[in-house]
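Peer 1: Pasting the sequence and the predicted model now:
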Amino acid sequence: MSAPVRVRFRRTGGLAGITIAVDTDTDELSPAHGEMIRTLLAGHGSPPSSAPGAPDRFTYELQIGDGPHRRVLRWPETAVPDGVRPLIIELTNRSRPIQ
């Protein structure tokens, strides 16, 4: 078994401008979501979008790392890749408002 990958998730923007966040790792996620995190960390799968955000829409950020390897991925709400969307939904559900 490989070491867990740390995950820092942030959702910013939206009409109310409330940022929500969660810090977790792949051991706390389902095997499918853990595999998606590892795929993204390796640089495979869905690259971050270069599409600009829209007013009153959310922006999602994933900071992932396993020690020597780190990656930061950002997507505007309208450009989250279909394969990543279930992970974003799960992390959103686990998130809480931050100051």
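Peer 2: Everything's here; your move.

Peer 1: How confident was the prediction at S49?
Peer 2: pLDDT, S49: 56.

Peer 1: how about the helices in this structure?
Peer 2: Ranges of helices within the chain are 31-41, 85-94, based on DSSP state H.

Peer 1: can I get these in TSV with mean pLDDT, distance to R57 and mean neighbour count?
Peer 2: For glycine as for every other residue, the C-beta is placed from the backbone atoms N, C-alpha and C. Shown next, in TSV, are those (pLDDT from 0 to 100; distance: least, C-beta to C-beta, whole Å; neighbours: other C-beta atoms under 10 Å):
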stretch	mean pLDDT	distance to R57	mean neighbour count
helix 31-41	95	22	17
helix 85-94	97	13	16
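
Peer 1: Among those helices, which comes closest to P55?
Peer 2: P55 lies closest to helix 85-94 among the helices of the chain, at 20.0 Å (C-beta to C-beta).

Peer 1: number of nearby residues for V7?
Peer 2: Burial of V7 is recorded as 24 neighbouring residues (other C-beta atoms under 10 Å).

Peer 1: ok, now G65?
Peer 2: G65 has 15 neighbouring residues, counting by other C-beta under 10 Å.

Peer 1: hang on, it packs against L41?
Peer 2: Yes. G65 is within contact range of L41, at 7.2 Å (criterion: C-beta atoms under 8 Å).
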